[in-house]
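S.K.: Sequence and predicted structure are below.
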Amino acid sequence: MELTDEQWAIINASEHILKVNAVAGSGKTTTLLEYAKRRPKQRILYLTFNRSSSDEMKKKCAGANLENLTVQTFHALAYHHANGRHYELINDFSEWTIFDGYVKGEIDEKREKMLLISWLIKDMMIFYLNSSHIYIDKALLASYRNETQPQNKVGILLSCYADFILKTLKNILTQMKKGEIPAIHDFYLKMFHLSKPTLFYDIILIDEAQDLSGVMLDVLKLQKASRIFVGDTFQQIYAFRYAINALDKIDCLEYSLTQTFRFGEPLARKISKIVNRGYGILNDRRHFLKITGTNKNTEIIHSLGGDGQQITVISRSVLKLFSEIANYLSGNLKFYFEGGYDSYGFMNARVLSVFYLYQENYDKINDKFIKRFSRFYKLRDFAKASQNRQLLNTCELVQTYREDLFDLNKKIKQRLVSKEVADVIFTTTHKAKGQEYQNVHMVREDFITREQLENAVKNPDEYNFQKLREELNIFYVAATRAIDNISLHKF
């Protein structure tokens, strides 16, 4: 592939720190590999967001014989430097663990409120471990409130029990540090941050910079190495994981990759028009999408199917994706789910336990977390108050489909095949990130619309700028996956 002038400008750049805003499909990996090739005597660290990206990049480096380039995820780097192997690690520190060990008996409240306080402690722990904050204090509390904008009930508890929440959080993290209780993986990330590490590389390349957390960015700011932050402002869709857009936080020279190699100019113009109009409604003049397409004839059509070509169905939400599957169950179509069918949680041990809770068949509930709820509505209310999307999706899935879940799950599993031979690929936008597909259908009535944006801005109670901007970005990510044809969601 012949490199563009924009790519050559980055490859030849000499700045100590720079950032690259790269639109979807603009060849950022190719650019960074060429950058590394031309600096064979420099020790280079390439940081990726997740393990699958890391594995893919390692293969590309091996193919290019780049022996001076080391590829790691941020967590793997932190695990090594902060001696993560010395901790007993768990994936989740449950609300009920906090409820039983730290909240019950300490405060005089109803069970439901104590559980919400337990969740607040857990959520603030995750927030702190991923933030640039050093101290667990009122400043952390204010930052947490500003970032999460808790609902009324939760906001009141946060105010009433602020001191208790901070004290309990300190206690839990101290016990993790001493090895008295298991630690979650973000804990050694924070230990890495607090140690103010020096990374002995000449150059650090940071991929997906729009998805960095505050703790990651703070570590990178400490380094003496040259740093290149590469990402796409409009692909920031992980704010719910407390990601910040490093491209907005770093004050340095900015380069751009505006030429996409994925789809044609008409689609590029259409996407930029929609996204820029949406950002205009939000009165955000700082961000403006500039994207140039190829001379490909990527068609924007009303519907896909009927010609034997593989179709990819992209939804914003898991629940809407499940309902869309019903449209493809007639005939003998074969299915593939991006990231694996089980990862969507349509039917697993937790869904089964929620179903039995809904049925009030308590003896069959095996999930320890679900077992602690006495009624389905209490679980649903907790999911809403804690803004737990995954749990809320599960509740809505069970409530909508009930016994039909078993039959639908069986039918879907009978059709599962490999990606290459599937007739239909199903995916959410988050799982589709970094992927590209020949023919894309965006699920209708599942992405943000202009009317919804305008109504939200008119209503101060609903106007959460960060969440609305993320909804626009989710639209952008889904719309930029197509190569040949796309059934574009109406904005």
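M.R.: Nice, thanks for sending it over.
S.K.: From here on, just use CA atoms for contacts and neighbour counts.
M.R.: OK.
S.K.: Now do the residue nearest the centre of the chain against residue 209, distance only.
M.R.: Against the mean C-alpha coordinate of the chain, by C-alpha atoms, centre = their mean, the closest residue is residue 238 at 3.5 Å. In this view, residue 238 and residue 209 are 12 Å apart by C-alpha to C-alpha, to the nearest Å.
S.K.: same thing with residue 77?
M.R.: For residue 77, the distance to residue 209 - C-alpha to C-alpha - is 16 Å.
S.K.: ok, those two, which is more surrounded?
M.R.: Here residue 77 and residue 209 are compared on neighbour count by other C-alpha atoms under 10 Å; more neighbours surround residue 209, at 30 against 16.
S.K.: So, low pLDDT: which residues of the stretch 151-300 of the chain?
M.R.: Counting by pLDDT under 70, the ranges of the stretch 151-300 of the chain that qualify are 240-241.
S.K.: where do the strands sit along it?
M.R.: With strands called from DSSP state E, counting those that start in this stretch, the stretch 151-300 of the chain shows them at 183-184, 203-206, 226-231, 253-257, 259-264, 292-294, 299-300.
S.K.: These: which one's closest to residue 402?
M.R.: strand 183-184 (33.9 Å; C-alpha to C-alpha).
S.K.: what's the closest one in contact with?
M.R.: Strand 183-184 has contacts (C-alpha atoms under 8 Å, 6 or more residues apart in numbering) with 87, 88, 89, 90, 91, 92, 93, 176, 177.
S.K.: What is the burial count for the fifth one?
M.R.: So the one you mean is residue 91. For residue 91, the count of nearby residues is 10 (other C-alpha under 10 Å).
S.K.: Same question for the fourth one.
M.R.: Neighbour count for residue 90, taken as other C-alpha under 10 Å: 11.
S.K.: so what's it up against?
M.R.: Residue 90 makes contacts with 182, 183, 184, 185, as judged by C-alpha under 8 Å, 6+ apart.
S.K.: The fifth one now?
M.R.: Residue 91 makes contact with 184, 185, according to C-alpha under 8 Å, 6+ apart.
S.K.: now it: how far from residue 100?
M.R.: Distance check for residue 91 against residue 100: by C-alpha to C-alpha, it reads 19 Å.
S.K.: just the fourth one next, same as before
M.R.: Going from residue 90 to residue 100 by C-alpha to C-alpha gives 18 Å.
S.K.: ok so residue 486 is a helix residue?
M.R.: No. Using DSSP: H, G, I helix; E, B strand; the rest coil, the assignment for residue 486 is strand, not a helix.
S.K.: Can you verify my assumption that it contacts residue 300?
M.R.: Yes. Counting by C-alpha atoms under 8 Å, residue 300 is a contact partner of residue 486 at 5.1 Å.
S.K.: Dump the helix or strand containing residue 314 to CSV, restricted to CA.
M.R.: Taking DSSP states H and E as the definition, residue 314 sits inside strand 311-315. Presented in CSV, the C-alpha positions along strand 311-315 are these (Å, rounded to 0.1, in the frame of the first residue of the first chain):
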residue,chain,number,x,y,z
ILE,A,311,-24.3,-9.9,6.4
THR,A,312,-23.1,-8.3,9.6
VAL,A,313,-25.8,-7.1,12.0
ILE,A,314,-24.6,-4.4,14.4
SER,A,315,-26.6,-3.3,17.4
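S.K.: Report the beta-bridge partners for residue 257.
M.R.: Beta-bridge partners for residue 257, by DSSP bridges, are residue 22.
S.K.: Show the contacting residues for residue 120.
M.R.: Taking C-alpha under 8 Å, 6+ apart, one finds 154, 158, 165, 386 in contact with residue 120.
S.K.: just the helices in the stretch 251-400 of the chain please.
M.R.: Using DSSP state H, counting those that start in this stretch, the helices of the stretch 251-400 of the chain run over residues 265-281, 318-325, 349-358, 368-371, 376-385, 389-401.
S.K.: Of those, which stretch is the most buried?
M.R.: helix 349-358 (a mean of 21; mean count of other C-alpha atoms under 10 Å).
S.K.: which other residues reach that one?
M.R.: Residues outside helix 349-358 that contact it (C-alpha under 8 Å, 6+ apart) are 345, 362, 364-367, 370-371, 374-376, 394-395, 398-399, 402.
S.K.: Sounds good, over and out.
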